[in-house]
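> Got a sequence here, can you model it:
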Amino acid sequence: MITALRHRPLVRNTLLNLSGQVAPLIVSVLTIPKVFRGLGEERFGLLALILIVAGYFSIFDLGLGRATTRLVAETIGKGDYRRLPSIAWTASITQCVFGVLAGLILALLTPVLIERFLNISPLRLEEARSGFYVVALSVPFVLLANSLRALLEAAQRFDLVNANAVPFSILNALTPLVGVYLGWTLPIIVAALVVLRIMNTAAYAWLCLGLFPSLRGNPRFEPNVLLPLAAFGGWVTISSVVGPIFLYIDRFFIGALVSVSAVSYYTVPSDVITRLWILPVSLSVTLFPAFSGMGSTRLENVAPTFARAQKTVFMLVGPTVLVLLLLADRVLRIWLGDTFAARSVTVFQTFAFGAIVGCLAPVSGMLIQSFGRPDIVAKVYVFLHLPLTVALGWYLIGTLGIEGAALTTALRTILDSVILFWVAAGLLTPTGDRNTDWLPRAGGAAIALVSLLGVALATAGKIAINPVSVLAAGGLLSMWAWYRVLNGLTRHTHAAAQTTNAPQAREA
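Below you'll find the predicted structure:
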């Protein structure tokens, strides 16, 4: 039963989620250079775009995965286990239906995408078309796996989640390399990845049936169960629809305004820096069912845990980003060669600037959603990030190429982090004490402004990236953020919680 935030289970679950992402990352780092050289820059870029499109069509999840985790976690917390079968089957059946619909839509849109939007050489058109048709088959299984995994996460069985996810993630990373050595065409490589996805979904189903024996009965769909799932999932759906647009549309802009080949020189540094999100994402995934089971009624437990999580993220990710920022050119030259490094080093450094602050966003966003406010995240995505990415991204990519795309992403990442942290600090302060959270909010804004200035100046070539300036600025910024922003959040929420609980203690 989820009744409290216990330190050891949270640490254990976070480490499990972290290891589940680190292992495939290591394999990817080792295989990407050989896959890039074996496929060539255009086919490598096509494979990246095919997988991105398949991932984007997971928007047809309609937020049901996240909603299922929250509803099942609340149900477990209340001990009402009789509702579990109806929730699980309703979510799974709905996911299957929308998955089939999404796959059909992707197949219908493939000719338009291939022939009219992407700048693909004539020799690769048929291969690209076949690859998109094949990957459309995987969409129903991707969505069904989301619901099945949500059940395991709601029960905080991250050991089972990662026992299934890690092997298949490693196989996903190895499959393109195997295809290169065996001389597979691009559609065959994609088909192998689809088979792995089907096997992964089947394994999740087997684990769920073992953990929840009550699911072994006849499947049943209950519309009254779908309503609370849809109520929460509606806003998550908006985030799911808009989020992948501003996360990946820059690559399609590059393919349209520059070339498909240039996507490769942008995708690799982007993916490397994005992998640094494994720690905050692992923490947020771990905390979501625990926070959902408790809600906003136990701020004295939730607030310190949130602050400790953000401190840990900042302490571990910040120095790592600074090291990568300094060694970007050397790392890329050793890893992918001089030609690749010359075209990607500025992109890599720009991403790194944005990641220093952007790493705080996942935990903040997850807390906001666990408190039943997914609408806040959705509104930030729709009214800020999407217009910024589309308008500014199109202009900067047309003007600066892949460097302009990196600058747009870094600016959006920093704004996302500070806004979500600002909102989370407000939710963690009880009503009547909102005046106490001005310091962490102002601190977050100051961090964003400093980082935004650094990103803009570095990309424009106005400041030089050297060890002394980066370490000095990064060290001072980190120490200020640690002591003034995150510690300030802990002090204010703790004091506010004590004030709120004092009358209750006297009544008792």
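
> residues making contact with the one helix or strand residue 268 maps to?
Using DSSP states H and E, residue 268 sits within helix 260-274. Contact partners of helix 260-274, identified using CB atoms under 8 Å, 6 or more residues apart in numbering, comprise 28-29, 32, 36, 41-42, 44-46, 48-49, 118-121, 250-251, 254-255, 321, 324, 328, 332, 336, 340, 343-344, 347-348, 351-352, 354-355, 401-402, 405-406, 409. Where C-beta positions appear, they are placed from N, C-alpha and C, glycine not excepted.

> again, but for stretch 214-232
62-64, 66-68, 70-71, 81, 83-94, 208-209, 372, 374.

> now do 7 Å
Outside stretch 214-232, the residues that touch it by CB atoms under 7 Å, 6 or more residues apart in numbering are 63-64, 67-68, 70-71, 84-91, 93-94, 208-209, 374.

> same question, stretch 184-202
Contacts of stretch 184-202 with the rest of the structure, by CB under 7 Å, 6+ apart, involve 43, 46-47, 50, 127, 130-131, 134-135, 137-138, 141-142, 144-145, 148, 164, 168, 171-172, 175-176, 179.

> Got a quick PyMOL command for the buried subset of the contacts of helix 260-274?
Restricted to buried positions by 16 or more other CB atoms under 10 Å, the PyMOL selection for the contacts of helix 260-274 reads:
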select buried, resi 28+32+36+41+42+44+45+46+48+49+118+120+250+251+254+255+321+324+328+332+336+340+343+344+347+348+351+352+354+355+401+402+405+406+409
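
> so of the contacts of helix 260-274, which ones are in helices?
28-29, 32, 36, 41-42, 44-46, 48-49, 250-251, 254-255, 321, 324, 328, 332, 336, 340, 343-344, 347-348, 351-352, 354-355, 402, 405-406, 409 (DSSP state H).

> how much space between residue 400 and residue 394?
12 Å (CB to CB, to the nearest Å).

> ignore the last one, residue 412
For residue 412, the distance to residue 394 - CB to CB - is 14 Å.

> Between the two, which is the more surrounded one?
residue 412 (22 against 18; other CB atoms under 10 Å).

> Quick check: which helices or strands does the host helix or strand of that one pack against?
Residue 412 belongs to helix 402-427 when elements are defined using DSSP H and E. Under the contact criterion of 3 or more CB pairs under 7 Å, 6 or more residues apart in numbering; DSSP states H and E, helix 402-427 touches helix 223-257, helix 260-274, helix 338-358, helix 361-370, helix 374-380, helix 393-400, helix 438-459.

> tilt between the longest one and helix 260-274?
In this case it means helix 223-257. Angle, helix 223-257 to helix 260-274, by axes from the mean of the first three to the mean of the last three CA atoms, to 10 degrees: 130 degrees.

> and helix 223-257, how far from the chain's centre?
12 Å (CA atoms, centre = their mean, to the nearest Å).

> can you start the count at 577 instead of 1 from here on
All set: I'll call the first residue 577, so the last point we hit is now helix 799-833.

> looking only at pLDDT, what's the mean for it?
On average, the pLDDT along helix 799-833 is 78.

> again with the shortest one
Averaged over helix 950-956, pLDDT sits at 86.

> Now do it: everything it contacts.
808, 811-812, 814-815, 941, 944-945, 992, 995, 999.

> neighbours around residue 959, how many?
11.

> Please report the distance of it from residue 995.
From residue 959 to residue 995 the distance is 11 Å (CB to CB).

> same check, this time on residue 977
28 Å.

> again with residue 623
Distance, residue 623 to residue 995, by CB to CB: 34 Å.

> With residue 776 instead?
According to CB to CB, residue 776 stands 34 Å off from residue 995.

> go on, residue 652?
For residue 652, the distance to residue 995 (CB to CB) stands at 32 Å.

> ok, now residue 595?
Distance of residue 595 to residue 995, computed by CB to CB: 31 Å.

> okay, those two: which has more neighbours?
Legend: neighbour count by other CB under 10 Å for residue 595 and residue 995, higher for residue 995 (22 against 13).

> for the record, mean pLDDT for the helix holding residue 988?
The average pLDDT within helix 978-1003 is 84.

> Buried residues, that helix. List them.
978-1001, 1003.

> Please apply the same query to stretch 648-667.
Across stretch 648-667, burial judged by 16+ other CB under 10 Å covers 648-653, 659-667.

> Of all pairs in those residues, which one is the farthest apart?
Farthest pair in the buried residues of stretch 648-667 (CB to CB) is 653 and 665. Separation: 20.6 Å.

> any idea of the mean pLDDT in the helix or strand harbouring residue 743?
In the assignment (DSSP H and E), residue 743 maps to helix 734-758. The pLDDT scores in helix 734-758 average 88.

> Which neighbouring elements make contact with it?
Using 3+ CB pairs under 7 Å, 6+ apart: helix 734-758 touches helix 583-615, helix 715-730, helix 762-787.

> Using PDB, write out the CA atom coordinates for stretch 611-626.
Presented in PDB, the C-alpha positions along stretch 611-626 are these (Å, rounded to 0.1, in the frame of the first residue of the first chain):
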ATOM      1  CA  VAL A 611      26.000   2.100 -37.800                       C
ATOM      2  CA  PHE A 612      26.600   5.600 -39.200                       C
ATOM      3  CA  ARG A 613      29.500   4.500 -41.300                       C
ATOM      4  CA  GLY A 614      27.700   1.400 -42.400                       C
ATOM      5  CA  LEU A 615      24.400   3.000 -43.500                       C
ATOM      6  CA  GLY A 616      25.800   6.300 -44.700                       C
ATOM      7  CA  GLU A 617      24.700   9.700 -43.600                       C
ATOM      8  CA  GLU A 618      21.400   9.700 -45.600                       C
ATOM      9  CA  ARG A 619      20.200   6.200 -44.700                       C
ATOM     10  CA  PHE A 620      21.200   6.900 -41.000                       C
ATOM     11  CA  GLY A 621      19.200  10.100 -41.100                       C
ATOM     12  CA  LEU A 622      16.200   8.200 -42.600                       C
ATOM     13  CA  LEU A 623      16.400   5.600 -39.900                       C
ATOM     14  CA  ALA A 624      16.400   8.300 -37.300                       C
ATOM     15  CA  LEU A 625      13.400  10.000 -38.900                       C
ATOM     16  CA  ILE A 626      11.400   6.700 -39.200                       C
END
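
> Enumerate every residue touching residue 619.
Residue 619 touches 700, 762, counting by CB under 7 Å, 6+ apart.

> how far away is it from residue 703?
7 Å.
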